[in-house]
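J.: make a model of this:
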Amino acid sequence: MRLRQIALVGSDLAAASEDIVEVLGLGGAYADPGVGKYGLANAVWPVGDTFLEALAPKAPGTTAGRLLQKRGGDGGYMVILQADEIGPARARIKAEGVRVVDQLDGDGFWMTHLHPRDMGGAIVSVDAMIPADRWQWGGARWRDQVRTDISTAIVGAELQGDDPRAMAARWAAVLGREAAQTAEGWRLGLDGGELRFVTATDGRGEGLGAFDVAVHSVAQVRARAEQRGLIGADGEVLLCGTRVKLVAA
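T.: Below you'll find the predicted structure:
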């Protein structure tokens, strides 16, 4: 089980995209036509062989639009995980009584969107690909857009809420991982990354509050963010209303 993609939601896709590209030094984005059925437009960038997505509502009454209102602006939206095999992953989901809100099985790819109320923190998708290095949501030619001179991978996500212990336990049971307590909260280890669960302290309530990006130079990326006024009150880089924790690659 690995963290393969993080999705953010904002009211202005063009503005969010420009900030993401300029701060993280990413290449070209893929616009996935499949998100149109949800009333959304998007852009998906490869970060090494992981992916960062920005979404914006293009129709009234979307889940993403309601989240923008609920959390008072742009922010984290979705955590997409990749399982080695979809069968055992879906069996755990069913055994834990988690509702599946959308499912898509194609030629060599499987997608399973879970109900956020049954997980807490974010919309979760558990997907699988054949071959394993494929990524359907990044487009067929995503490798042509990879730039790793500044950012190399997304390596973590931080979920916040009133009861991080309970949230971590729930995610651990559904994903088949072990939750461990840390000084800051709770942690689930993934292949090549981690999920963290912390108490919400920013007044925005439950949600995907931060994600981690491995970079060659933390100072360089911070400087790029400062030039665009994208340092939050807590001193962290802020992209599409979401804190970005920079980790030395």
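
J.: every contact and neighbour count from this point should use C-alpha atoms.
T.: Will do.

J.: how many other residues sit next to Val221?
T.: A count of nearby residues for Val221, using other C-alpha atoms under 10 Å, gives 20.

J.: and what of Phe197?
T.: 30.

J.: can I get whichever strand or helix holds it in PDB? Just the C-alpha atoms.
T.: Phe197 is part of strand 193-199 when elements are defined by DSSP states H and E. Taking Å, rounded to 0.1, in the frame of the first residue of the first chain, the C-alpha atoms of strand 193-199 are listed here in PDB:
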ATOM      1  CA  GLY A 193       5.600   7.300   2.900                       C
ATOM      2  CA  GLU A 194       3.200   7.900   5.800                       C
ATOM      3  CA  LEU A 195      -0.100   9.100   6.900                       C
ATOM      4  CA  ARG A 196      -0.400  11.300  10.100                       C
ATOM      5  CA  PHE A 197      -3.400  12.000  12.200                       C
ATOM      6  CA  VAL A 198      -3.400  15.100  14.400                       C
ATOM      7  CA  THR A 199      -5.700  17.300  16.300                       C
END
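
J.: what distance separates it from the centre of its chain?
T.: 12 Å (C-alpha atoms, centre = their mean, to the nearest Å).

J.: what is it packed up against?
T.: strand 2-9, strand 151-161, helix 164-175, strand 186-190 (3 or more C-alpha pairs under 8 Å, 6 or more residues apart in numbering; DSSP states H and E).

J.: mind putting those in CSV, distance to Arg228 and mean pLDDT included?
T.: Output for those, formatted as CSV (distance: least, C-alpha to C-alpha, whole Å; pLDDT from 0 to 100):
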stretch, distance to Arg228, mean pLDDT
strand 2-9, 19, 98
strand 151-161, 17, 98
helix 164-175, 33, 97
strand 186-190, 32, 97
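
J.: and the ones you listed: which comes nearest His115?
T.: helix 164-175 (12.1 Å; C-alpha to C-alpha).

J.: who's in contact with Trp135?
T.: Taking C-alpha atoms under 8 Å, 6 or more residues apart in numbering, we find Trp135 in contact with Met129.

J.: can you dump the C-alpha coordinates of the lowest-mean-pLDDT helix or strand in the chain into CSV?
T.: Lowest by mean pLDDT, DSSP states H and E among the helices and strands of the chain is helix 63-70, with a mean of 91. The C-alpha trace of helix 63-70 is given here as CSV (Å, rounded to 0.1, in the frame of the first residue of the first chain):
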residue,chain,number,x,y,z
THR,A,63,-19.1,17.6,-3.1
ALA,A,64,-16.0,19.7,-3.8
GLY,A,65,-18.0,22.9,-3.7
ARG,A,66,-19.7,22.0,-0.4
LEU,A,67,-16.3,21.2,1.1
LEU,A,68,-15.0,24.7,0.0
GLN,A,69,-17.9,26.2,1.9
LYS,A,70,-17.6,24.0,4.9
